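Participant: What follows is a predicted protein model with its sequence.
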Amino acid sequence: MFPNRRIRVLALCLVAAAVAAPQAARQAARPAKQYTMEQFLNTTSITGATFSKDESRILFSSNKSGIWNAYTVSSAGGPWTQVTSSTTDSTYAVSYFKTDDRILLTRDQGGNELNHVYVRTPDGQERDLTPGQKLKAQFAGWVPDGSAFYLTSNERDAKYFDVYRYDAKTYDRTLFFENKEGYFPSAISDDGKWVALAKPNTTNDSNMYLWNADTKAVVHLTPHTGNVNVNPSTFDRASKFLYYVNDEGGEFARLRRYDLTAARHEDVLKADWDVVFAEFSNTGRYRVTATNEEGRPRLSMVEATTGKAVPLPNIPNGGISSVEFTASDSKLAFYVNGDRSPNNLYVLDFASGKTLKLTDSLSPDIDPQDLVDTQTVRFKARDGVTVPNVLWKPHQATSARKAPAIVWVHGGPGGQTTPGYSAQIQYLANHGYVVLGINNRGSSGYGKTFYAADDKKHGREPLWDCVDAKKYLASLPYVDANRIGIVGGSYGGYMVLAALAFQPDVFDAGVDIFGVANWVRTLESIPAWWEAQRKALYDEIGDPKADHQMLHDVSPVFHGDKIRKPLMVMQGANDPRVLKAESDDIVAAVKKSGAPVEYIVFPDEGHGFTKKKNQIEGYTAMLTFLDKHLKGKSGGTQQ
């Protein structure tokens with residue numbers, strides 16, 4: 001919740017009610033089988049990819065063991081090799097060293113988000129490169145020859161992240177960039193001379209700066225008037241240009257670049273959607289650019305010197321979401337995600353043109369034909385604003401056999417519900433629930449006017465969109481209007497609580513997953529490392545001092561006595577963003593009011609549940625709760 005509202009991927013016309021004919025025909029029959037949450041989570045999640053020095057292996061992360069660990073797989077295919085064996089804290093692979101088989105890893109402690117960075121040798125020895133208490137560290141890149149790498153850390157000042165340069169042999173380090181002004185270090189040039197810096201003013205306005213390692217001077221590159229979001233992306237391999245995205249003069253961000261010698265800005269790529277990032281291959285031969293098109297990442301690749309398009313593999317029923325090149329640029333690792341298929345890792349050999357699938361992530365227990373494809377739909381809110389959504393329609397939902405429904409609210413503020421595989425939502429659809437993933441006003445991806453439309457309006461206009469989403473669902477011929485609930489996590493959890501407290505007669509039940517109940521306390525207790533965006537958060541949501549009364553009025557915990565419909569709350573005990581006290585207090589308030597409430601706390605989780613055992617327990621309990629209070633509710637159509 002809160003950081004990185006502009007989603008980096010690697011987050012239409014009005015549709016009345018009916019489903020597209022081919023989709024409807026495909027979903028006419030009830031699925032042959034319904035699955036448990038455990039079967040859905042037997043699906044293997046994977047992320048990240050870096051090649052070994054000899055390009056024969058790929059390092060990545062997976063929760064195959066029930067908790068996130070690092071693995072390798074041959075780039076020619078074959079069985080995985082498990083590298084780490086943590087059973088307590090999720091461990092994520094960062095990178096192979098460029099000169100040997102050592103690897104970098106990162107992990108926090110029980111979900112508290114205080115990540116450290118570790119080096120692991122081939123014999124299994126680990127060393128914490130960022131020792132200390134209450135610090136947060138992150139990998140920031142390699143120098144081209146692999147002799148050194150960069151890490152960011154807030155150990156000097158908990159509020160800001162400095163950049164350190166580490167010797168790859170001795171691990172000796174030097175303070176490379178000292179951050180005293182609240183910048184976000186975003187990219188470091190290959191020649192080690194430049195650091196691109198971002199600085200938010202508000203969530204809708206930011207600036208970009210450039211630090212010179214020789215002179216130590218910081219230059220403001222993007223003076224402007226009005227609200228303009230500017231985000232550094234990458235330097236080219238020759239360290240001649242800084243590439244960035246910028247939404248000045250339009251609704252959507254375009255790709256631009258700054259000539260470091262001529263001190264001149266120029267456009268590179270403009271699209272009808274947000275350009276979210278650009279990156280270069282290791283030799284600099286290729287440039288890859290991603291746009292956020294209707295919530296799906298669309299990647300394109302060109303030869304950097306000529307601009308000639310390089311076709312990417314066409315994978316049926318899925319889109320490429322991220323890429324990683326070998327050092328020689330001879331191979332490309334990439335992920336593909338589809339509506340009925342989770343992330344799978346592929347490798348492309350440029351010389352032969354052949355593509356090889358390296359993983360098969362979907363649970364072998366699940367027939368993908370029992371899952372559903374997403375649809376993009378829109379409805380008009382009460383004030384005429386068009387609200388985009390992602391719809392999951394279960395096979396068994398028909399006008400003769402109407403289904404219960406869920407309004408699913410994303411996190412943020414400023415997140416985005418996107419198409420693609422979701423175990424939790426497919427689980428609900430498999431068990432007969434229509435799910436509408438709403439992109440209420442304030443969501444990213446639909447232009448900066450829509451993005452800014454929720455500022456200091458939380459609990460009001462964005463919530464009204466959710467209420468109007470219920471009306472839209474009720475208008476669908478296959479939805480039971482008397483059985484509609486609301487579910488959300490983080491900011492989406494706040495929307496659940498707000499809906500039940502401020503619109504107590506609209507939804508029939510709600511599931512709040514680590515949602516904000518008290519904005520005043522949440523904003524007063526944000527983690528220290530968010531200091532650089534504190535002003536932006538206050539501009540978006542409210543200042544806990546200047547706007548105290550407004551924040552009090554839209555905080556559900558102070559209105560718990562109005563909640564009458566059944567509520568389930570799930571919370572991680574170590575959550576640094578939404579403190580456990582938030583959920584404790586709302587549960588106590590609802591219990592006092594006499595409404596049905598269920599509460600699950602995971603002692604080893606933070607802001608997001610990463611361990612399969614907890615996911616199985618939590619989402620199984622969610623379905624049981626919804627079955628009891630929606631399917632089991634009198635006055636509707638029984639499933």
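Facilitator: Great, that's in hand. Numbers count the residues shown, from 1 in each chain.

Participant: count of residues packed around residue 311?
Facilitator: Using other C-beta atoms under 10 Å, the number of residues around residue 311 comes to 8. (Each C-beta comes from the backbone N, C-alpha and C, glycine too.)

Participant: Could you check how far it is from residue 270?
Facilitator: For residue 311, the distance to residue 270 under the criterion C-beta to C-beta, to the nearest Å works out to 21 Å.

Participant: Over to residue 507?
Facilitator: For residue 507 relative to residue 270 (C-beta to C-beta), the value is 41 Å.

Participant: The two: which has the busier surroundings?
Facilitator: Of the pair residue 507 and residue 270, residue 507 is the one with more neighbours under other C-beta under 10 Å, namely 22 against 12.

Participant: got a list of what the more buried one touches?
Facilitator: 407, 470, 484, 485, 486, 499, 500, 565 (C-beta atoms under 8 Å, 6 or more residues apart in numbering).

Participant: Then residue 130?
Facilitator: 116, 117, 137, 151, 153, 155.

Participant: what's near enough to touch the closest residue to the last one other than its chain neighbours?
Facilitator: It stands for residue 155. With C-beta to C-beta, 6 or more residues apart in numbering as the measure, residue 135 is the residue that lies nearest to residue 155, at 4.2 Å, once sequence neighbours are left out. The neighbours of residue 135, taking C-beta under 8 Å, 6+ apart as the test, are 114, 116, 153, 154, 155, 158.

Participant: In a markdown table: those, plus secondary structure, neighbour count and distance to residue 237.
Facilitator: Output for the contacts of residue 135, formatted as a markdown table (DSSP: H, G, I helix; E, B strand; the rest coil; neighbours: other C-beta atoms under 10 Å; distance: C-beta to C-beta, whole Å):
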| residue | secondary structure | neighbour count | distance to residue 237 |
| --- | --- | --- | --- |
| 114 | coil | 22 | 33 |
| 116 | strand | 20 | 30 |
| 153 | strand | 24 | 26 |
| 154 | coil | 21 | 29 |
| 155 | coil | 16 | 31 |
| 158 | coil | 14 | 34 |
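
Participant: and the residues you listed as JSON lines, adding pLDDT and distance to residue 577?
Facilitator: Conversion of the contacts of residue 135 to JSON lines gives the following (pLDDT from 0 to 100; distance: C-beta to C-beta, whole Å):
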{"residue": "114", "pLDDT": "94", "distance to residue 577": "13"}
{"residue": "116", "pLDDT": "98", "distance to residue 577": "19"}
{"residue": "153", "pLDDT": "97", "distance to residue 577": "20"}
{"residue": "154", "pLDDT": "96", "distance to residue 577": "16"}
{"residue": "155", "pLDDT": "96", "distance to residue 577": "21"}
{"residue": "158", "pLDDT": "93", "distance to residue 577": "16"}
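
Participant: Spatially, which two of the residues you listed are the most separated?
Facilitator: The distance between the two most remote of the contacts of residue 135 (C-beta to C-beta) is 14.8 Å, for 116 and 158.

Participant: Can you name the next helix or strand after the top strand by length along the chain?
Facilitator: For the chain, the strand reaching the highest residue count under DSSP state E is reported as strand 479-489. Later in the chain than strand 479-489, the nearest helix or strand by DSSP states H and E is helix 491-502.

Participant: can you tell me the average pLDDT over that next one?
Facilitator: Helix 491-502 comes out with an average pLDDT of 97.

Participant: next SSE after it?
Facilitator: Towards the C-terminus, the helix or strand next in line after helix 491-502, according to DSSP H and E, is strand 510-513.

Participant: coming back round to it: farthest pair in the contacts of residue 130?
Facilitator: Using C-beta to C-beta, those span at most 11.8 Å, a distance reached by 117 and 155.

Participant: which residues are in contact with both of these two?
Facilitator: Residues within reach of residue 117 and of residue 155 at once, by C-beta under 8 Å, 6+ apart, are 130, 137.

Participant: Kindly state the pLDDT recorded for residue 321?
Facilitator: 82.

Participant: Could you do the one 5 residues further on as well?
Facilitator: In this model, residue 326 is scored at 96, pLDDT.

Participant: any idea how far it is from residue 55?
Facilitator: Counting by C-beta to C-beta, the separation of residue 326 from residue 55 is 4 Å.

Participant: ok, the two, which is more surrounded?
Facilitator: Using other C-beta under 10 Å, the more surrounded residue of residue 326 and residue 55 is residue 326, with 24 against 15.

Participant: Quick one: the helices in the stretch 501-639 of the chain, in order.
Facilitator: Per DSSP state H, counting those that start in this stretch, the stretch 501-639 of the chain has helices spanning 519-524, 534-540, 548-553, 580-593, 612-626. These are given in chain order.

Participant: list the buried ones in the helix or strand that contains residue 463?
Facilitator: Here residue 463 is covered by helix 461-475, with elements defined by DSSP H and E. Residues of helix 461-475 classed as buried by neighbour count (16 or more other C-beta atoms under 10 Å): 461, 462, 463, 464, 465, 466, 467, 468, 469, 470, 472, 473.
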